[in-house]
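Participant: predicted model and sequence follow; I will ask about them next.
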There are 2 protein chains.
Amino acid sequence: MTAGSGASKALLFDVFGTVVDWRTSVAAQCAVALPPHVDSYAFADRWRSLYQPAMEQVRSGARDFTRLDDLHRESLRTVLSEFEITLPDEEVSALNFAWHRLEPWPDSVDGIGRLKSRFIVAPLSNGNISLLLDMAKNAGLPWDAILGAEAARAYKPTPEAYLRTADILGLAPHDCTMVAAHNSDLAAARDCGFETVFVRRPLEHGNAQATDLAAESDWTYCVDSITDLADLLGC
Amino acid sequence: MTAGSGASKALLFDVFGTVVDWRTSVAAQCAVALPPHVDSYAFADRWRSLYQPAMEQVRSGARDFTRLDDLHRESLRTVLSEFEITLPDEEVSALNFAWHRLEPWPDSVDGIGRLKSRFIVAPLSNGNISLLLDMAKNAGLPWDAILGAEAARAYKPTPEAYLRTADILGLAPHDCTMVAAHNSDLAAARDCGFETVFVRRPLEHGNAQATDLAAESDWTYCVDSITDLADLLGC
């Protein structure tokens, strides 16, 4: 992808952290759903910390492909137990849907909408389809299609997550660009032949963020927002 | 689904014939791509006539799930041979993409856009994802997600095509409504627990159309256009 050349045909977005501010959104919903003494940010961080280990069970082959909603629910029960909180089943399910209602970063809706005029825009997220669909309707994210782990039946950073997404689109990997706030996601995508865009999101993990503060490789582009990417690509 | 009650959460659309006028669109592209003596409508009709037999190979279990683009290409080669036309491979592939560029009926874009304000709107089509995505971008169809045979890995009217689509959405079948111009599609969807909307499309097969001219059962609703459905549902 060269600036303004439009050589890439599809921009495929990581979502949690790149397009939406999961931490603030989940903490806000925990603050409403959980007893007042609970530290909502600590709860959200602990819940999120079980995300990679849960997917690793699938990536390793120890369990069949399982949707993120189900992994999230299992992790939520673990964290509730650690925090010694008891909730009725229906409240557990309702809180689990916090991930369907994440708020976008301020530039996401505008940036993706502008990029859509020249590129296919779709999530390539580990979120399941209904999670991403509900999020898009709530937030106004104008995706062309909802792709990612459930469509590919593989969790990032497994190569199949990227390669099957390109195949579903009928595109060669070099016609696809991964857009993400995480260096590891971009490294895995580049290994599959994708172009790469690093979006700096220094507040994903709050003020104390220590990871992914800067590009750690020579990604195709490095930007501070999705609207900056739209500017760069002439959209 | 009761009028205006919004009890159904997702409106799932058949596409070929219901949302787009495949016959006129394919014939127009055949007229450009094929020698002038060829009857473009006859060619389009013959190509389409191989659609159900091709999917039946998958539905019967005789072959693994195969995307519609690939089935269409095989059928196209058959029809070219029957019409004694020789085309270079790249022109066969280009003509096969006629199905990615179908024009919508005049009410489709407006109707789906209005319905999107209150319902999840998505194709539940036998078309593959990239076919439906290209079509949506060309025609401006504002889907929330692109579902159907490829996501469900089953061709309609196999029950799994409907049931897995509801499951992907996290919805019970009775929260889903199938919208189609074909009585057989609606019958299969209703057998799975879906609500049903019949859209009359008396010109899908041209002036001589003999099938699906009227509702053949007591579908939930029967309308003359997708904008009529939007009116009926108060969107």
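Facilitator: Right, received. Where do you want to start? Residues are numbered from 1 along each chain as shown, chains lettered A, B, ... in the order given.
Participant: residue closest to the middle of chain A?
Facilitator: A:V15 (2.5 Å; Cα atoms, centre = their mean).
Participant: what about the residue lying closest to that one once chain neighbours are set aside, how many neighbours?
Facilitator: If you skip the residues right next to it in sequence, A:V15 has A:S125 as its closest partner in space, 3.8 Å away by Cβ to Cβ, 6 or more residues apart in numbering or on different chains. Just so you know, the C-beta spots here come from the backbone N, C-alpha and C atoms, and that holds for glycine as well. Residues within reach of A:S125, counting by other Cβ atoms under 10 Å in any protein chain shown, total 28.
Participant: domain ranges for chain A?
Facilitator: Chain A is divided into the following domains under automatic domain parsing: A:10-21+A:102-232, A:23-100.
Participant: show me how far the shortest one is from its chain's centre.
Facilitator: Spelled out, that is domain A:23-100. Between the centre of domain A:23-100 and the centre of its chain there are 16 Å (Cα atoms, centre = their mean, to the nearest Å).
Participant: distance between the ends of that domain?
Facilitator: Here the two ends of domain A:23-100 are set 13 Å apart, with distance taken as Cα to Cα, to the nearest Å.
Participant: before we move on, what about the longest one?
Facilitator: Start and end residues of domain A:10-21+A:102-232 are separated by 16 Å (Cα to Cα).
Participant: rewinding a little: let's have the domains of chain A in JSON lines, adding mean pLDDT.
Facilitator: Conversion of these to JSON lines gives the following (pLDDT from 0 to 100):
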{"stretch": "domain A:10-21+A:102-232", "mean pLDDT": "97"}
{"stretch": "domain A:23-100", "mean pLDDT": "97"}
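Participant: pick the most buried one from the ones you listed.
Facilitator: Per-stretch averages of neighbours, counted by mean count of other Cβ atoms under 10 Å in any protein chain shown, single out domain A:10-21+A:102-232 among those, with a mean of 21.
Participant: how far out from the middle of the chain is that one?
Facilitator: In terms of Cα atoms, centre = their mean, the centre of domain A:10-21+A:102-232 is found 7 Å from the chain centre.
Participant: how about the residue nearest to A:V15, phi and psi?
Facilitator: phi -120, psi 160 (degrees, to the nearest 10).
Participant: that one is in contact with A:M135, isn't it?
Facilitator: No. With contact defined as Cβ atoms under 8 Å, A:S125 does not count as touching A:M135 (9.4 Å).
Participant: name the residues contacting each of those two.
Facilitator: Residues touching both A:S125 and A:M135 by Cβ atoms under 8 Å, 6 or more residues apart in numbering or on different chains: A:V15.
Participant: given the host helix or strand of A:V121, what are its sheet partners and their directions?
Facilitator: Under the criterion DSSP states H and E, the helix or strand holding A:V121 is strand A:120-125. Applying DSSP bridges to the sheet, strand A:120-125 is found paired with strand A:10-13 (parallel), strand A:147-148 (parallel).
Participant: quick check: the gap between the residue nearest to A:W105 when sequence neighbours are not counted and chain B.
Facilitator: Ranked by Cβ to Cβ, 6+ apart and with sequence neighbours excluded, the top spatial neighbour of A:W105 is A:D21, at 5.7 Å. Distance of A:D21 to chain B, given as Cβ to the nearest Cβ, to the nearest Å: 22 Å.
Participant: swap in A:P142?
Facilitator: When Cβ to the nearest Cβ is the yardstick, A:P142 and chain B sit 8 Å from each other.
Participant: and the strands in chain A?
Facilitator: Ranges of strands in chain A, per DSSP state E, are A:10-13, A:120-125, A:147-148, A:176-180, A:195-199, A:221-223.
Participant: make TSV out of the ones you listed and add distance to A:P88.
Facilitator: Written out in TSV, the entries for those read as follows (distance: least, Cβ to Cβ, whole Å):
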stretch	distance to A:P88
strand A:10-13	35
strand A:120-125	30
strand A:147-148	31
strand A:176-180	37
strand A:195-199	39
strand A:221-223	44
